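In: only the shape, not the letters, is given here:
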């Protein structure tokens, strides 16, 4: 049985706690949460504490708080020489206090509290200072996910940047589609099957194989007509830049 | 029973023919195809003809060929006064020859021959010159899809542009994620659950509600560190432009 505590009550903490609680061979000892009521649906209130100082020593303490709080939180932990892992894509392992055995437990996914998620399908990226810590972290990660990877800090940074492109920027392109539909009295629902299929295709084709459309086939007439149709400067700029990028990729 | 013929053997034609063949109350009379063998898996070879001049009059003839061939193909049809519909997002209804009753039958989806697709979930956008033609087209569309919309030529153009943003440009962002992973020896598979969840979220949240990440939370430190990490100029340009667009959207 691996003993674990979690610090945090945001979206990552919420879904992680939910998964850890259901996992065999894991005992969730305590959760330290500023926002208790976020967790009361999924957690017995007696395990929730408000102060980091109240956390007892455990095999692994997972810090799932916002990036800029991670270092401070790791310093506030009173116990020493245990595994302390953060869950951030963009913070280095060395930003954790050295009084504990530093590690990273990064679930690569976008979390919303209002949307249930299958944790077993989420890749978990692990990093640690010591091999024995890695093996324990891997045991825990494997008990909640089918996909566990060893990823160092530089790779994790690259992954996080990739995630910004395929998640935040992609979502912003959805927003642009939403706005164009809205301006033309078209229900956004019309685009949803296309959005889903575009993502589904990537399961079996590389993005390069999956590419279609006027940019790819160098259909200058359609490209010019689209550019003329758009009135917003930012949308025009994105149209031009993405079209060029597709064409440079051939 | 509505009689139909289809001209074309590309991806749209392939999936459309496949759906029409299985639909009740529809009789697929002929298919005119340059590339016969693309269709032999799904079609009896006796219904396939090579010349448009060999097409018999039917209730609806659907032209599913590349955009720049549509006008010529519509002129080559020998019969008159039947419904002739094209399947393009970017061609106007008036680009069809006026000797037949012009219409549009635009399935809004990305098609690959190698990937099966559930046609019943694809929105079909209809336009016609006459109401009675619309009603017949709607009957056919409803027999292969649950989602049928009346969309005029200007709306269809807006939709097509939206589709370029949420499909072609989104796919290019997947390609950038692929390249960053590749350069850092990370399997692209790690990003696939995130890509899928990003699309899935749009079913229940608006893109604005779904947005997260460093641009949205104005995390200038992370943004600067990502920008410094990227070496390729186009990727830097896209990072900056998309970040600005997300921030202007708040």
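Out: Happy to help now that I have it. Since the structure is predicted, the reported quantities are computational estimates derived from the model, not experimental observations.
In: next one, pLDDT for the residue of chain A positioned farthest from its centre please.
Out: Here the centre of chain A is the reference, and by C-alpha atoms, centre = their mean the most remote residue is residue A:221, at 39.6 Å. Taken from the predicted model, the pLDDT recorded for residue A:221 is 90.
In: now the helix or strand harbouring it: buried residues?
Out: Mapping residue A:221 onto the secondary structure by DSSP states H and E places it in helix A:220-229. For helix A:220-229, burial by neighbour count (16 or more other C-beta atoms under 10 Å in any protein chain shown) applies to A:222, A:223, A:226, A:229. Every residue, glycine included, has its C-beta placed from N, CA and C.
In: do the same with stretch A:131-142
Out: Here stretch A:131-142 shows A:133, A:134, A:136, A:137, A:138, A:140, A:141 as buried, counting by 16+ other C-beta under 10 Å.
In: related to what we said a few turns ago, so which of the buried residues of helix A:220-229 also contact chain B?
Out: Counting by C-beta under 8 Å from any C-beta of the partner chain, A:222, A:226, A:229 from the buried residues of helix A:220-229 sit close to chain B.
In: could you list every residue that touches the last one?
Out: Residue A:229 sits next to B:157, B:158, B:161 when contact means C-beta atoms under 8 Å, 6 or more residues apart in numbering or on different chains.
In: how about 10 Å then?
Out: Residue A:229 makes contact with A:180, A:184, A:235, A:236, A:239, B:154, B:157, B:158, B:160, B:161 under the criterion C-beta atoms under 10 Å, 6 or more residues apart in numbering or on different chains.
In: the second one and residue B:136, how far apart?
Out: Between residue A:184 and residue B:136 the distance, using C-beta to C-beta, to the nearest Å, works out to 26 Å.
In: can you map out the helices along chain A?
Out: Secondary structure of chain A (DSSP state H): helices located at A:11-22, A:70-76, A:131-144, A:153-163, A:170-183, A:192-201, A:207-210, A:220-229, A:233-248.
In: which outside residues touch the shortest one?
Out: By C-beta under 10 Å, 6+ apart, the residues outside helix A:207-210 that reach it are A:166, A:197-198, A:200-202, A:204, A:216, A:246, A:249-250, B:110, B:112, B:114-115, B:167-168, B:170-179, B:188, B:195.
In: domain ranges for chain A, per the record?
Out: With automatic domain parsing serving as the domain definition, the record reports that chain A contains domains spanning A:2-151, A:156-248.
In: quick one: which of the ones you listed is nearest residue B:44?
Out: Comparison of the domains of chain A against residue B:44 by C-beta to C-beta identifies domain A:156-248 as nearest, at 28.5 Å.
In: determine how far the closest one lies from the middle of the whole chain.
Out: For domain A:156-248, the separation from the chain centroid amounts to 22 Å (computed by C-alpha atoms, centre = their mean, to the nearest Å).
In: can you give me the end-to-end distance of that domain?
Out: Length of domain A:156-248, first residue to last, C-alpha to C-alpha, to the nearest Å: 27 Å.
In: thinking again about what came up before, leaving out chain neighbours, which residue sits closest to the residue farthest from the centre of chain A?
Out: Leaving out its chain neighbours, the residue that sits closest to residue A:221 by C-beta to C-beta, 6 or more residues apart in numbering or on different chains is residue B:68, at 8.0 Å.
In: ok, that neighbour - contacts?
Out: Neighbour list for residue B:68: A:217, A:219, A:221, A:222, B:88, B:91 [criterion: C-beta under 10 Å, 6+ apart].
In: can you pull the pLDDT of the nearest residue to the fourth one once chain neighbours are set aside?
Out: Counting by C-beta to C-beta, 6+ apart, the nearest residue to residue A:222 once its immediate chain neighbours are dropped is residue A:214, at 4.1 Å. The confidence metric pLDDT takes the value 93 at residue A:214.
In: from what I can see residue A:214 touches residue B:168, true?
Out: Yes - the criterion here is C-beta atoms under 10 Å, and residue A:214 meets it with residue B:168 at 7.6 Å.
In: give me the common contacts of those two.
Out: Taking C-beta under 10 Å, 6+ apart as the contact criterion, the residues that touch both residue A:214 and residue B:168 are A:243, A:246.
In: picking that back up, out of the contacts of residue A:229, flag the one nearest to residue A:55.
Out: residue A:235 (49.0 Å).
In: and stretch A:184-202, does that touch chain B?
Out: Yes - applying C-beta under 10 Å from any C-beta of the partner chain, one finds stretch A:184-202 touching chain B at A:184-202.
In: buried among those residues? Need that as a selection in PyMOL.
Out: Here the buried members of the residues of stretch A:184-202 next to chain B are turned into a PyMOL selection, burial being counted by 16+ other C-beta under 10 Å:
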select buried, chain A and resi 184+186+188+190+191+192+193+194+195+196+197+198+199+200+201+202
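In: report the central residue of chain A.
Out: residue A:109 (3.2 Å).
In: can you give me the distance of that residue to residue B:204?
Out: According to C-beta to C-beta, residue A:109 stands 16 Å off from residue B:204.
In: cool, residue A:66 as well?
Out: Taken as C-beta to C-beta, the spacing of residue A:66 relative to residue B:204 amounts to 24 Å.
In: check residue A:99 too.
Out: Distance of residue A:99 to residue B:204, computed by C-beta to C-beta: 43 Å.
In: give me the more crowded residue out of the two.
Out: residue A:99 (15 against 11; other C-beta atoms under 10 Å in any protein chain shown).
In: these two touch, right, the more buried one and residue A:61?
Out: No - in this structure residue A:99 lies outside contact range of residue A:61 using C-beta under 10 Å: 11.8 Å.
In: any common contacting residues for these two?
Out: Common neighbours of residue A:99 and residue A:61 are listed as A:74, A:77, A:79, A:82, A:84 (criterion: C-beta under 10 Å, 6+ apart).
In: any chance of a PyMOL selection covering the buried ones in these?
Out: Provided next is the PyMOL selection string for whichever of the shared contacts of residue A:99 and residue A:61 are buried by 16+ other C-beta under 10 Å:
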select buried, chain A and resi 74+77+82+84
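In: dump the shared contacts of residue A:99 and residue A:61 to JSON lines, plus pLDDT.
Out: What follows is these, written out as JSON lines (pLDDT from 0 to 100):
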{"residue": "A:74", "pLDDT": "98"}
{"residue": "A:77", "pLDDT": "98"}
{"residue": "A:79", "pLDDT": "97"}
{"residue": "A:82", "pLDDT": "98"}
{"residue": "A:84", "pLDDT": "98"}
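In: now, the shared contacts of residue A:99 and residue A:61 that are in strands?
Out: Using DSSP state E, residue A:84 are the members of those that sit in strands.
In: of the shared contacts of residue A:99 and residue A:61, closest to residue B:6?
Out: Using C-beta to C-beta, those come closest to residue B:6 at residue A:84, 63.5 Å.
In: I'd like to know how far the residue nearest to the closest one when sequence neighbours are not counted sits from residue A:126.
Out: What sits nearest to residue A:84 in space, not counting adjacent residues and going by C-beta to C-beta, 6+ apart, is residue A:100, at 3.9 Å. Between residue A:100 and residue A:126 the computed distance is 16 Å (C-beta to C-beta).
In: is it true that residue A:193 touches residue A:199?
Out: No - in this structure, residue A:193 sits apart from residue A:199 without contact. The criterion is C-beta under 10 Å, and the distance is 11.1 Å.
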